[in-house]
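S.K.: predicted model and sequence follow; I will ask about them next.
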Amino acid sequence: MNKFLQFSSDLTIHTNLKPLIHISPASGYRARSEFGFKNGAYTKIDDGKKVYMNTSNIPHSSIQKVMNELLILINTNKKVKKKLFQVNFRTSGTKVLASLIYHKQLDEEWKNEALIIQNSLSNVSIIGRSKKTKVLIGNENLEITYKINESSFKILQNDLVFFQPNIYLYPLMMTFITGHIKNPKDLLELYCGCGSFTLTLASRFNKIFATENNRHSIKLLKESIELNSMTNIEIARLSDNETASALANEQPFRRLENIELESYDFSHILVDPPRAGLSDKAINLSKQFKNMIYISCNPETFIRDLEKLNRKIKSIAVFDQFANTRHLEVIAILE
């Protein structure tokens, strides 16, 4: 049974609704890709076996264009090649961020040689990383402009934060969510990351209070909010359990000193948890909200959490984020 039929089957114990299915292109869809590096080639594990390559058809075309050019330059530069073990790529669609990761400390000579390589490539920024060390050759942030329905915004990302990987499906995900928001007031968002959903939804809600436990994501989201001159978003570095404690007035948090939680009139909660799904405390918190948007990267924990949430599914869609794999992204509108 394919993954779409399997999920539809698992869902029948909760609803008669059939999920909308959004298919990804089979190639050129990934806005971020990670590769090992060994024997002068990129590597990937495929069916348990290490595969050597100089390019791949899975990443976006802007990454594909850079991969072979960068590989040739690395292999002809002993300083840059030595003890390199991983190469990660991200793209805005036009500009590419290439992170070179090493089993050695990076010195000034490495930086000079990496700069030569960067100057030989078009629209590429290089970052060098080793244990507790980061060396910037170009700009570490990518700026991406999106227009979802009538809302236009810019979002920043870099190699330290999670961002939706499928460059084609992300706008469809946002269109699905915004099309199902009814009677919005204020939004509580858990696991907000660097603002993949926060920034889009700012135009749909009066105010947003968004929380995230990753300090790099919070820092970048703050910069994106300032970049877009948005004034109705407040953010805090809190885990899901800490957010629940704060809203229940169970304990004070210094990180909330300038945020008046009592001023919010929440109509919706949005959650985008990791593969492990929602904590029990987050589930109990969500039950206080009439409307819930649940974004899941793991259908199994989503089905598990539905049992505990005891909510009605108003609409549901699946997104084939990783074509030709067993993974699915689920978005459910719950009440």
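M.R.: Done, it's in. In this text, all values refer to a predicted model and were calculated from it rather than measured experimentally.
S.K.: all helices for the stretch 201-335 of the chain, in order.
M.R.: Applying DSSP state H, counting those that start in this stretch to the stretch 201-335 of the chain gives helices spanning 215-227, 240-247, 280-286, 299-309.
S.K.: outside of the first one itself, list whatever touches it.
M.R.: This means helix 215-227. Contact with helix 215-227 is made by 141, 143, 154-158, 160-162, 192-195, 198-199, 210, 212, 233, 235-237, as judged by C-beta atoms under 8 Å, 6 or more residues apart in numbering. All C-beta spots, glycine's among them, are computed from the backbone N, C-alpha and C.
S.K.: return the set of buried residues in the helix ranked longest in the chain.
M.R.: Longest helix of the chain, by residue count under DSSP state H: helix 61-75. Residues of helix 61-75 classed as buried by neighbour count (16 or more other C-beta atoms under 10 Å): S62, I63, Q64, K65, V66, M67, E69, L70, L71, L73, I74.
S.K.: do you know the pLDDT at the residue nearest to Q157 when sequence neighbours are not counted?
M.R.: Here the nearest residue to Q157 in space, its sequence neighbours aside, is F163; by C-beta to C-beta, 6 or more residues apart in numbering that works out to 4.5 Å. F163 is assigned a predicted lDDT (pLDDT) of 87.
S.K.: I figured F163 was touching N141, is that so?
M.R.: No - look at F163 against N141 with C-beta atoms under 8 Å: they stay out of range, at 11.5 Å.
S.K.: let me see the domain layout of this protein.
M.R.: Domain ranges of the chain: 3-24+168-334, 32-136, per automatic domain parsing.
S.K.: which one of those lies closest to N149?
M.R.: Closest to N149 of the domains of the chain, according to C-beta to C-beta: domain 3-24+168-334, at 5.8 Å.
S.K.: start and end of that closest one, how far apart?
M.R.: 22 Å (C-alpha to C-alpha, to the nearest Å).
S.K.: and stretch 173-189, by the same measure?
M.R.: 16 Å.
S.K.: mind listing the strands for the stretch 151-300 of the chain?
M.R.: 151-157, 186-190, 207-212, 233-237, 266-271, 291-296 (DSSP state E, counting those that start in this stretch).
S.K.: for T178, which of those strands is the nearest?
M.R.: With respect to T178, and counting by C-beta to C-beta, the nearest of those is strand 151-157 at 7.6 Å.
S.K.: who touches that closest one?
M.R.: Residues from elsewhere that reach strand 151-157, judged by C-beta under 8 Å, 6+ apart: 90, 141-146, 163, 178, 194-196, 199-200, 202-204, 220, 223-224, 227-228, 230.
S.K.: from those residues, which would you call buried?
M.R.: Buried members of these, counted by 16+ other C-beta under 10 Å: 90, 141-142, 144, 163, 178, 194-196, 199-200, 202, 204, 220, 223-224, 228, 230.
S.K.: any low-confidence regions in this protein?
M.R.: Filtered on pLDDT under 70, the chain yields the residue ranges 1.
S.K.: point to the residue nearest the middle of it.
M.R.: F163 (2.2 Å; C-alpha atoms, centre = their mean).
S.K.: what's opposite the residue nearest to F35 when sequence neighbours are not counted in the beta bridge?
M.R.: Excluding its sequence neighbours, the residue lying closest to F35 (C-beta to C-beta, 6+ apart) is Y42, at 4.0 Å. Going by DSSP bridges, Y42 is paired in beta bridges with F37, M53.
S.K.: which ones are touching N68?
M.R.: Per C-beta under 8 Å, 6+ apart, neighbours of N68: N54, T55.
S.K.: what about it, distance to A41?
M.R.: Separation of N68 from A41 (C-beta to C-beta, to the nearest Å): 11 Å.
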